[in-house]
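Undergrad: Give me the fold of what follows.
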Amino acid sequence: MTFGYQRFYTGPVTAVVFDWAGTTIDFGSLAPIKAFCGLFEEHGVPITLAEARAPMGAEKREHIAALLAMPRIREAWIDVKGSEPTEADIDALYDQFIPVQKAAIAERTTLIPGARETFAYLRDNDIKIGANTGYSQEMITDLRGLAAEQGYQPDSYVCATDVPRGRPYPHMTLKNMLELEVLNVQSVVKVDDTLTGIEEGLNAGCWTVGIAISGNEVGLDLADWEALSIEEQETKRQAAYKRFHQSGAHYVIDTVADLPAVIEDINARLSAGEQP
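TA: Numbers count the residues shown, from 1 in each chain. Below you'll find the model as predicted:
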């Protein structure tokens, strides 16, 4: 036996929270990869692109810790350094990583094609814009200004270092909601190019949209993506879409340019009483 009534939000989408690298800027999400690979190379422990990408979306100190916990990298570290990686090693690596990451970000600040038009659509429809990231505030200081010069100025900026726990915990998105003064979590959409970012959005109770082509799952610069044959592109597209669907994403799109159609579909589902 049940009591009371079920309450359904039937209004429109009121806010969208975007990730940064691979989602709104930096086609291919290459800035973090360049920084992580360079950092470990400097210590005589080279890592592969696949290894560097595996923890993507996490707060960057946690990312470094996750890399050092991988059996192959851990063994390589022991071979080179003569001892197991320690918390002090992680702290030292993170301190060295910050300027390396800032330099890499500065080289990869261009908006994803179609992003500016998507932001204009959101503004035209009175939808607030939030941004969150595994970067620290220190890392995105210059990025915020460079993005603004291209027409991208979110209403809320949250970094993993601003909250108790980074992704997959929902803390960043929840902080975005607080700053955006969101009334109903069902009216929020989280857009991310990492699987852990999708998990973050799901844990926050949001609609989630995975970015398949411009982000971490494909991991290619725009020029390299366009150089692929149609068949090669489709193979990579299908693999990325499958991983996002398996992660629980409500929607998967190629790039942020495709988001307006998703917002329209979510609005229709909400008006019918459907919830995330």
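Undergrad: Please name the nearest non-neighbouring residue to Glu138.
TA: What sits nearest to Glu138 in space, not counting adjacent residues and going by Cβ to Cβ, 6 or more residues apart in numbering, is Ile98, at 6.3 Å. Backbone N, C-alpha and C define where each C-beta goes, glycine included.
Undergrad: so the one you found sits in a helix?
TA: Yes - counting by DSSP: H, G, I helix; E, B strand; the rest coil, Ile98 is found in a helix.
Undergrad: who's in contact with it?
TA: Applying Cβ atoms under 8 Å, 6 or more residues apart in numbering, we find Ile98 in contact with 136, 138-139.
Undergrad: swap in Ala131?
TA: Taking Cβ under 8 Å, 6+ apart as the definition, contacts of Ala131 comprise 17-20, 24, 154, 156-158, 176.
Undergrad: Can you name the helix or strand that it falls in?
TA: Assigned by DSSP states H and E, Ala131 falls within strand 128-133.
Undergrad: which residue sits closest to Ile263, ignoring its sequence neighbours?
TA: Spatial nearest neighbour of Ile263, chain neighbours left out: Val13 (5.3 Å); criterion: Cβ to Cβ, 6+ apart.
Undergrad: Which phi and psi values does the one you found adopt?
TA: With angles defined as degrees, to the nearest 10, Val13 sits at phi -60, psi 130.
Undergrad: and it, how many neighbours?
TA: A total of 21 residues lie near Val13 under the criterion other Cβ atoms under 10 Å.
Undergrad: In the stretch 101-250 of the chain, mark out all the strands, start to finish.
TA: For the stretch 101-250 of the chain, the strands defined by DSSP state E, counting those that start in this stretch occupy 128-133, 156-159, 188-192, 207-211.
Undergrad: could you redo those as a markdown table and give each row distance to Leu68?
TA: Output for the strands of the stretch 101-250 of the chain, formatted as a markdown table (distance: least, Cβ to Cβ, whole Å):
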| stretch | distance to Leu68 |
| --- | --- |
| strand 128-133 | 22 |
| strand 156-159 | 22 |
| strand 188-192 | 24 |
| strand 207-211 | 28 |
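Undergrad: Turn those into a markdown table, columns for mean pLDDT and distance to Ala104.
TA: Conversion of the strands of the stretch 101-250 of the chain to a markdown table gives the following (pLDDT from 0 to 100; distance: least, Cβ to Cβ, whole Å):
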| stretch | mean pLDDT | distance to Ala104 |
| --- | --- | --- |
| strand 128-133 | 98 | 14 |
| strand 156-159 | 97 | 16 |
| strand 188-192 | 98 | 20 |
| strand 207-211 | 98 | 20 |
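Undergrad: how about those strands, which one is nearest Asp265?
TA: strand 207-211 (9.8 Å; Cβ to Cβ).
Undergrad: pull the CA atoms of the closest one into CSV?
TA: Extracted in CSV, the C-alpha atoms of strand 207-211 (Å, rounded to 0.1, in the frame of the first residue of the first chain):
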residue,chain,number,x,y,z
TRP,A,207,19.6,14.4,-17.6
THR,A,208,22.9,13.4,-19.1
VAL,A,209,24.4,13.9,-22.5
GLY,A,210,27.6,12.2,-23.6
ILE,A,211,29.9,13.9,-26.2
